[in-house]
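Engineer: Please work out how this folds:
(one chain, ligands or ions: 2)
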Amino acid sequence: MARQPVIRGDGTNKEETSRPSVDSASSFQFDPDGREFDDVLRPQRLSEVVGQRKVVERLEIMLLATKKRNEPLGHLLLDGPPGIGKTTLATVIPKELGAECQITSGPALSAPKDLLPYLTNASYGSILFIDEIHRLPAAVEEFIYPVMEDFRVDITLGEGLNARTLNMKLQPFTVIGATTRSGMLTAPLRDRFVNHQHLDFYEVEELAEIIRRNARKLRSEITSDAAVELAKRSRGTPRKANNLLRWTRDFADVKNKGKITKTVALDALGMLEVDELGLEEQDRRYLKTLVHVFSGGPAGIQALAASMNVPPDTLEDEVEPFLLRCGFLQRTPRGRRITPAALRHLQATLPEPDAHGRRMLF
Ligand SMILES: Nc1ncnc2c1ncn2[C@@H]1O[C@H](COP(=O)(O)OP(=O)(O)OP(=O)(O)O)[C@@H](O)[C@H]1O
Ligand SMILES: [Mg+2]
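Structural biologist: Numbers count the residues shown, from 1 in each chain. Ligands and ions are numbered 1, 2, ... in the order given. Sure thing, here's the model as predicted:
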């Protein structure tokens, strides 16, 4: 039996022991044990995807050409920060094509044999979505090269002098890979993706539109200025926007008979301790650790993570991209450094440098 991860609505994966399921385009099943909230809000068609105009337009061309020629879509790599729409796009594409879709993820494929059931199940023109593809082990990565290039599997049977290689032909299909760290992908794997699309942070107006649409889907009443207020604090990320909407909706249900006005939104956000730029407790702790423990830096990510008692990956994936975007952080070859803008935002100052230019706190 193969271990089949189920993609949860929030993009995290859960592993189940079952045969790989081939979902038809019309009956997608994510996370059967709850969290329908995210799936209700997830766009189902390309026309429902807000923002990312350039990427969407390019995808539209690719999809039209694919349908016209009746050929499988070229392998596609989607990269961008967490919660930005990679899974959403990857699951919309098979629906647009009317193609079957199988879903797995890098960490779930610990050996080439884990990939085999997906490959033998893949029909002509179907999609195999591999989330967190940067976490594919090296052996699986090498195994997937001939699969992506020639739709061929090379299996070695036996050992030493008795070893034989078995070649198996596969149906041409499409691999869609999603990653938050395209830099961690090896060059040979990256090159096997014909299309590489980068998803970037959203503008406030786009997030406000997502919030307004999703409030309608949830049958919640929200004023336009409240939607903008939530959007401003969503860190350029639809998932954050959805989470803030969900919290504000609960808050409004309890405090204001369900109506989300700007005042209610501000009160709700205040209670969550999300500041006017969207910085949360973890971001502020990161910046304060940099100031108070490392005198503003440069500090290595491992040292910062150890001081905060948080995994370095969490800092690199979830905290730093937004701080870099705000101009609150510099990533130098010697480590992370705080910027004057961040100090102003925190209303903090660094200790005066000593005669050697070092800023000593103790
Ligand atoms: N362009 C968009 N328009 C509308 N809603 C969106 C869009 N992109 C994402 N969302 C919403 O944000 C949620 C999170 O998006 P998604 O799961 O696709 O992110 P992700 O990039 O795969 O994140 P992760 O890296 O954590 O897996 C979705 O459930 C969806 O509701
Ligand atoms: Mg995802």
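
Engineer: Spatially central residue in the protein, please.
Structural biologist: residue 82 (3.1 Å; C-alpha atoms, centre = their mean).

Engineer: tell me the SS of it?
Structural biologist: The assignment at residue 82 comes out as coil when based on DSSP: H, G, I helix; E, B strand; the rest coil.

Engineer: How about the residues of the stretch 101-250 of the chain by ligand 1?
Structural biologist: Taking C-beta under 6 Å from any ligand atom, the part of the stretch 101-250 of the chain that reaches ligand 1 is made up of 178, 180, 210, 238, 239, 242. For every residue, glycine as well, the C-beta is placed using N, CA and C.

Engineer: 8 Å - rerun?
Structural biologist: Proximity of the stretch 101-250 of the chain to ligand 1, by C-beta under 8 Å from any ligand atom, involves residues 131-132, 178, 180, 199, 202, 206, 210, 213-214, 237-239, 241-242.

Engineer: so how many other residues sit close to residue 76?
Structural biologist: 22 (other C-beta atoms under 10 Å).

Engineer: Now do the residue nearest to residue 308 when sequence neighbours are not counted against residue 316, distance only.
Structural biologist: Leaving aside its chain neighbours, residue 308 sits nearest to residue 289 (5.5 Å; criterion: C-beta to C-beta, 6 or more residues apart in numbering). For residue 289, the distance to residue 316 (C-beta to C-beta, to the nearest Å) stands at 15 Å.

Engineer: try residue 330
Structural biologist: Using C-beta to C-beta, residue 330 is found at 15 Å from residue 316.

Engineer: Local confidence estimate at residue 35?
Structural biologist: Per-residue confidence (pLDDT) for residue 35: 56.

Engineer: residue contacts, residue 316?
Structural biologist: Taking C-beta atoms under 8 Å, 6 or more residues apart in numbering, we find residue 316 in contact with 181, 301.

Engineer: which SS state does it fall under?
Structural biologist: helix.

Engineer: how far away is it from ligand 2?
Structural biologist: Distance from residue 316 to ligand 2, counting by C-beta to the ion, to the nearest Å: 17 Å.

Engineer: got a pLDDT number for that residue?
Structural biologist: Listed pLDDT for residue 316 reads 90.

Engineer: same question, residue 20
Structural biologist: pLDDT recorded at residue 20 is 47.

Engineer: which one of the residues of the stretch 101-250 of the chain next to ligand 1 has the most neighbours?
Structural biologist: Across these, neighbour numbers were computed from other C-beta under 10 Å; residue 241 holds the maximum, 29 neighbours.

Engineer: of all of the stretch 201-350 of the chain, which residue lies closest to ligand 2?
Structural biologist: Closest to ligand 2 within the stretch 201-350 of the chain is residue 239: 9.0 Å, counting by C-beta to the ion.

Engineer: and that residue, how far is that from residue 43?
Structural biologist: The value you get for residue 239 to residue 43, if C-beta to C-beta is used, is 13 Å.

Engineer: would residue 285 count as being in a helix?
Structural biologist: Yes - according to three-state DSSP, residue 285 belongs to a helix.

Engineer: Please enumerate residues in contact with stretch 47-56?
Structural biologist: Residues outside stretch 47-56 that contact it (C-beta under 8 Å, 6+ apart) are 43, 46, 85, 88-89, 92, 197-200, 202-203, 206-207, 209-210, 213, 238.

Engineer: one more time with 10 Å
Structural biologist: When contacts are defined by C-beta atoms under 10 Å, 6 or more residues apart in numbering, stretch 47-56 is touched by residues 42-43, 46, 58-60, 78, 80, 84-85, 88-89, 92, 96, 197-203, 205-214, 236, 238, 241.

Engineer: In the stretch 51-200 of the chain, what residue spans correspond to helices?
Structural biologist: Counting by DSSP state H, counting those that start in this stretch, the stretch 51-200 of the chain has these helices, from start to end: 53-69, 86-97, 112-121, 138-150, 187-191.

Engineer: mind listing what's buried in stretch 276-296?
Structural biologist: By neighbour count with 16 or more other C-beta atoms under 10 Å, stretch 276-296 contains the buried residues 278, 279, 280, 283, 286, 287, 289, 290, 291, 294, 295, 296.

Engineer: next one: that stretch to chain centre, how far?
Structural biologist: 23 Å (C-alpha atoms, centre = their mean, to the nearest Å).

Engineer: Which stretches in the stretch 201-350 of the chain count as strands?
Structural biologist: In the stretch 201-350 of the chain, the segments counted as strands under DSSP state E, counting those that start in this stretch are 221-222, 259-260, 329-332, 335-338.

Engineer: Tell me the predicted confidence for the closest residue in space to residue 314 that isn't next to it in sequence.
Structural biologist: Nearest non-adjacent residue to residue 314, counting by C-beta to C-beta, 6+ apart: residue 305, 7.8 Å away. Confidence at residue 305, expressed as pLDDT, is 95.

Engineer: re the thing from before, can you tell me which of the buried residues of stretch 276-296 is nearest ligand 1?
Structural biologist: Checking the buried residues of stretch 276-296 against ligand 1 with C-beta to the nearest ligand atom, the nearest one is residue 278 at 15.2 Å.
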